[in-house]
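Asks: Pasted the sequence and its predicted model underneath.
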Amino acid sequence: MDETTPPEHLNPLQRFGRDIRQVRLARKLTQKHLGKATGYSEGYVCKVESGTLLPRPSQKFAKGCDLTFGTGELFAGLLRRIDEGDHPSWFVPYLNLERKASGILDYSASLVMGLLQTEAYARAVFRSSHPREDADLIEGRVAARLRRRDLFEWETPPLLWVILHEACLRSVVGDAEVMAGQLEYLLTAVKSPHIDLQVLPFSAGAPGAHTRPFTMLTFEKSPTVLYADGPQGGKLYDSAPTVALHLDSYDRLRAHALSPGESLALIKSLVKEYRS
């Protein structure tokens with residue numbers, strides 16, 4: 001990124017990086033000093049300032065910059081707004097709550113949930129659902145989806161419990177290589193003590209066949225919230241009877257799903273099929 005490039009010609013992450021650089025220089029700090037203060041390497045800071053860090057700087061880094069520079073929540077807020085700009089407007093309310101949740105309960109019926117998608121899988125999903133969008137817009141959506149994983153790097157990340165219908169594992173998104181990479185990522189993700197995964201097999205029958213995908217967010221000091229897709233995008237529900245109905249449904253899905261160990265065994269066998 002050339003320092004003479006007009007701001008209007010920069011993408012949001014490049015403008016974010018330029019702002020970091022300007023404040024750093026004003027505070028008479030080197031990239032090495034800023035990296036040490038925020039817990040990152042000099043190379044990391046260099047990539048942030050050049051706008052080349054993918055998928056984007058972490059919230060931890062932005063908060064570290066605010067603390068080091070004495071800028072309140074300026075850079076953390078800028079990064080949040082960049083995130084929100086790459087998501088559809090109806091999804092932003094959910095996204096804000098997801099960052100505050102202590103627990104996430106998800107049932108995915110046909111696609112692997114966004115938080116656990118690989119870059120290649122997410123790109124294939126967006127390309128198929130938005131075939132006429134420009135490549136830059138697709139890449140922005142992909143990057144935004146990957147950035148949601150940042151919450152697992154927090155000091156106290158939420159507990160994620162995912163039930164994937166077997167259709168999620170067998171519906172070929174992209175191609176066999178993309179699917180193999182996606183399933184291998186799931187096997188890696190579940191090594192985290194904060195992530196549990198179960199597969200609901202086709203043999204479970206009606207419980208999976210008649211249940212639409214949904215997500216519930218639990219909080220330490222607030223009531224549980226339901227998020228479910230609709231014809232014009234997702235919607236949040238906080239009605240106690242509606243939430244209770246879906247909590248009961250989730251318990252039934254868990255009861256019909258394979259155990260975590262059996263689920264991983266199935267995923268491993270499918271990886272071999274996609275790799276063969």
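Replies: On my side now, so go ahead.

Asks: Next up, identify which helix or strand P57 is on.
Replies: Under the criterion DSSP states H and E, no helix or strand holds P57.

Asks: In contact with the residue nearest to it when sequence neighbours are not counted: list those residues for me.
Replies: Leaving aside its sequence neighbours, P57 sits nearest to V48 (C-beta to C-beta, 6 or more residues apart in numbering; 4.8 Å). Placement of C-beta: from N, CA and C, glycine included. Shown in contact with V48 (C-beta atoms under 8 Å, 6 or more residues apart in numbering): F16, G17, I20, P57, F61.

Asks: rerun that using 10 Å as the cut-off
Replies: Contact partners of V48, counting by C-beta atoms under 10 Å, 6 or more residues apart in numbering, are 13, 16-17, 20-21, 31, 34-35, 38, 40, 56-58, 61-62, 65.

Asks: Look up how far S249 lies from it.
Replies: 43 Å (C-beta to C-beta, to the nearest Å).

Asks: I'd like to know how far the closest residue to S41 other than its chain neighbours sits from V172.
Replies: Leaving out its chain neighbours, the residue that sits closest to S41 by C-beta to C-beta, 6+ apart is G35, at 5.3 Å. The gap separating G35 from V172 is 42 Å, by C-beta to C-beta.

Asks: Same check on R149?
Replies: 23 Å.

Asks: Looking at those two, which is more packed in?
Replies: A count of neighbours by other C-beta atoms under 10 Å puts R149 above the other of R149 and V172, at 16 against 10.

Asks: residue contacts, the spatially closest residue to that one that is not a sequence neighbour?
Replies: Spatial nearest neighbour of R149, excluding adjacent residues (C-beta to C-beta, 6+ apart): L115 at 6.5 Å. The contact partners of L115, taken as C-beta under 10 Å, 6+ apart, are 98, 104, 106, 145-146, 148-149, 151-152, 158, 160, 162, 189, 195, 215.

Asks: So which of those belong to strands?
Replies: Judged by DSSP state E, strands contain the following of those: I104, D106, L160, V162, I195, T215.

Asks: What about S259, how many residues nearby?
Replies: 10.

Asks: isn't it right next to A265, touching?
Replies: Yes: S259 is within contact range of A265, at 9.4 Å (criterion: C-beta atoms under 10 Å).

Asks: Report the set of residues contacting both of those two.
Replies: By C-beta under 10 Å, 6+ apart, S259 and A265 have these common neighbours: V199.

Asks: Output stretch 201-217 as PDB, nothing but the C-alphas.
Replies: The C-alpha coordinates for stretch 201-217 follow below in PDB (Å, rounded to 0.1, in the frame of the first residue of the first chain):
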ATOM      1  CA  PRO A 201     -27.500 -39.700  11.000                       C
ATOM      2  CA  PHE A 202     -30.100 -40.300   8.200                       C
ATOM      3  CA  SER A 203     -31.200 -43.400  10.200                       C
ATOM      4  CA  ALA A 204     -32.600 -41.000  12.900                       C
ATOM      5  CA  GLY A 205     -35.500 -40.400  10.500                       C
ATOM      6  CA  ALA A 206     -38.200 -37.900  11.300                       C
ATOM      7  CA  PRO A 207     -36.400 -35.700  14.000                       C
ATOM      8  CA  GLY A 208     -33.900 -34.500  11.400                       C
ATOM      9  CA  ALA A 209     -36.100 -34.600   8.400                       C
ATOM     10  CA  HIS A 210     -38.700 -32.300   9.800                       C
ATOM     11  CA  THR A 211     -36.500 -29.900  11.800                       C
ATOM     12  CA  ARG A 212     -35.200 -26.700  10.200                       C
ATOM     13  CA  PRO A 213     -31.800 -25.300  11.100                       C
ATOM     14  CA  PHE A 214     -31.700 -23.000  14.200                       C
ATOM     15  CA  THR A 215     -29.200 -21.600  16.700                       C
ATOM     16  CA  MET A 216     -29.700 -20.600  20.300                       C
ATOM     17  CA  LEU A 217     -27.500 -18.200  22.200                       C
END
